[in-house]
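In: This is a predicted model, with the sequence first.
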Amino acid sequence: MTQHVLLNNIDHRDLKVETARGAQYGDNIMAALTYPGEFRNVQAHYPIVFQKDAHGDFQPVALFGLEAEQNLFLQGDAWDAYYVPLSVERQPFLIGMSDGEPMVHIDLDHPRVTAGSGQPLFLEHGGTTEFLDRISAMLLALHEGLQATPAYIAALQKYELLESFVLDVQTDADNHGRLAGYYTIHEERLAALDGAALGELAAADHLEPTYMVLASTARFRDLIERRRHA
């Protein structure tokens with residue numbers, strides 16, 4: 001269940017947010033949304049792939065595991081990577097529209113929301129804390145990044161640069177798994193693009209994130225090794 005409400009310093013002045021990591025806080029997830037402007041940071045730790053949403057539209061995600069509810073970077077109460085995607089880091093906050101303007105909302109039913117330990121959101125006299133200011137900046141970056149994603153996906157589709165793939169994973173003699181249902185960049189088609197096409201992608205800031213996706217495929221080795229030693 002979720003209960004999204006507009007955050008304010010009257011109704012929510014005593015709320016606190018737990019920032020520790022753990023499955024009990026919803027961190028046992030296989031993947032999370034990302035966006036082109038974040039790819040450089042994400043590819044340093046996680047494979048970036050594309051999946052289709054309920055409407056059949058492509059969306060980029062960072063992979064943390066090889067099966068549902070598996071986060072191979074979650075080590076007890078720690079996340080074993082320097083960078084956590086903003087769509088995870090921002091929990092339990094989200095952007096909601098109020099009178100046509102993006103505003104900070106909070107999910108009151110999220111397990112991170114408490115009235116005890118955790119980070120306070122408001123100062124004694126009603127101002128926002130540094131923690132909430134950081135969250136607000138994070139939400140704005142995420143909102144703008146996700147808004148820019150459809151144009152990036154459209155560019156990839158224009159040049160038929162998305163292809164489905166299947167990854168067979170043999171963790172030991174008795175365990176075999178298969179990762180399917182995801183898409184990646186068609187490397188040969190990208191390499192075959194002419195100068196005009198490459199120039200168009202570069203001018204729209206779509207070329208660099210595409211190469212970041214390709215670079216991120218090397219992180220599959222890390223995922224498989226983490227799975228073998230889990």
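Out: Received, thanks.

In: From now on I want contacts and neighbour counts done on CA atoms only, so please keep to that.
Out: Noted.

In: What about the nearest residue to residue 4 once chain neighbours are set aside, how many residues nearby?
Out: In space, residue 4 comes closest to residue 107 once its chain neighbours are excluded; the distance is 4.4 Å by Cα to Cα, 6 or more residues apart in numbering. Neighbour count for residue 107, taken as other Cα atoms under 10 Å: 19.

In: What is the helix ranked longest in the chain packed up against?
Out: Assignment by DSSP state H gives helix 130-158 as the longest helix of the chain. When contacts are defined as 3 or more Cα pairs under 8 Å, 6 or more residues apart in numbering; DSSP states H and E, helix 130-158 sits against strand 58-63, helix 86-89, strand 93-98.

In: Tell me the first helix or strand C-terminal of that helix.
Out: strand 162-172 (DSSP states H and E).

In: elements contacting that following strand?
Out: Short answer (3+ Cα pairs under 8 Å, 6+ apart): strand 162-172 packs on strand 175-185, helix 219-228.

In: could you redo the last one with a cut-off of 6 Å?
Out: Where contact means 3 or more Cα pairs under 6 Å, 6 or more residues apart in numbering; DSSP states H and E, strand 162-172 is packed against strand 175-185.

In: which stretches of this protein have low pLDDT?
Out: 1, 171-176 (pLDDT under 70).

In: mind listing what residue 114 touches?
Out: 15, 16, 17 (Cα atoms under 6 Å, 6 or more residues apart in numbering).

In: Skipping its backbone neighbours, what lies nearest it in space?
Out: Going by Cα to Cα, 6+ apart, residue 114 has residue 16 as its nearest residue, at 5.2 Å.

In: distance between stretch 135-144 and the chain's centre?
Out: Relative to its chain's centre, stretch 135-144 lies at 13 Å (Cα atoms, centre = their mean, to the nearest Å).

In: Can you show me the CA trace of that stretch as PDB?
Out: What follows is stretch 135-144, C-alpha atoms only, in PDB (Å, rounded to 0.1, in the frame of the first residue of the first chain):
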ATOM      1  CA  ILE A 135      16.200  15.400  -1.300                       C
ATOM      2  CA  SER A 136      14.400  18.200  -3.100                       C
ATOM      3  CA  ALA A 137      17.400  18.800  -5.400                       C
ATOM      4  CA  MET A 138      17.600  15.000  -6.000                       C
ATOM      5  CA  LEU A 139      13.900  14.800  -6.900                       C
ATOM      6  CA  LEU A 140      14.200  17.700  -9.300                       C
ATOM      7  CA  ALA A 141      17.100  16.100 -11.100                       C
ATOM      8  CA  LEU A 142      15.300  12.800 -11.300                       C
ATOM      9  CA  HIS A 143      12.100  14.500 -12.500                       C
ATOM     10  CA  GLU A 144      13.900  16.400 -15.300                       C
END
